[in-house]
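Trainee: Give me a 3D structure for the following:
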Amino acid sequence: HVQLVESGGGSVQAGGSLRLSCAASGYTSRYCMGWFRQAPGKEREGVAYINSAERPGYADSVRGRFTISKDNAKNTLYLQMNSLKPEDTAMYYCAARSGGYCVVEATRYDYWGQGTQVTVS
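Mentor: Numbering: from 1, shown residues only. This next block holds a predicted model:
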């Protein structure tokens, strides 16, 4: 069983940066790890993923602005968010999927954190 705890959210002006962290209780190096977000009234959407081979993938809306990375020694996943826009405002969730390869469907992820709010004005 994996427990995920996000941190690093907050309020920032457009053009600013934030770094989200996700601390995992279990050993997740063989998992696909992902960041999702959900704005009020909208469906949860995938933002960035990193597979067990540490190959990243990004949604078109954030490619070039966000960077996903992980530190296996610390069991921690990161999301560096630069050039933030008001449309990036959402609750951001960390998720883990056993099997190593990543998929975009949120329903296929096994473990979720509680979320951290990002507000861009």
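
Trainee: residue contacts, the closest residue to Gln13 other than its chain neighbours?
Mentor: Using Cβ to Cβ, 6 or more residues apart in numbering and skipping residues adjacent in sequence, the residue nearest Gln13 is Ser121, 6.1 Å away. To be clear about C-beta, it is placed using only N, CA and C from the backbone, and glycine gets the same treatment. The contact partners of Ser121, taken as Cβ atoms under 8 Å, 6 or more residues apart in numbering, are 11-14, 86, 89.

Trainee: cool, and Asn72?
Mentor: 28-29.

Trainee: Go again with 6 Å.
Mentor: Ser29 (Cβ atoms under 6 Å, 6 or more residues apart in numbering).

Trainee: hey, where'd the strands end up in the protein?
Mentor: 4-7, 10-12, 18-24, 32-38, 45-50, 56-58, 66-71, 76-81, 90-97, 111-112, 116-120 (DSSP state E).

Trainee: Neighbouring strands of the second one in the sheet, and parallel or not?
Mentor: Strand 10-12 has the following sheet partners, assigned by DSSP bridges: strand 116-120 (parallel).

Trainee: ok, back up a step: mind checking the strands of the chain for the one nearest to Glu105?
Mentor: strand 45-50 (8.1 Å; Cβ to Cβ).
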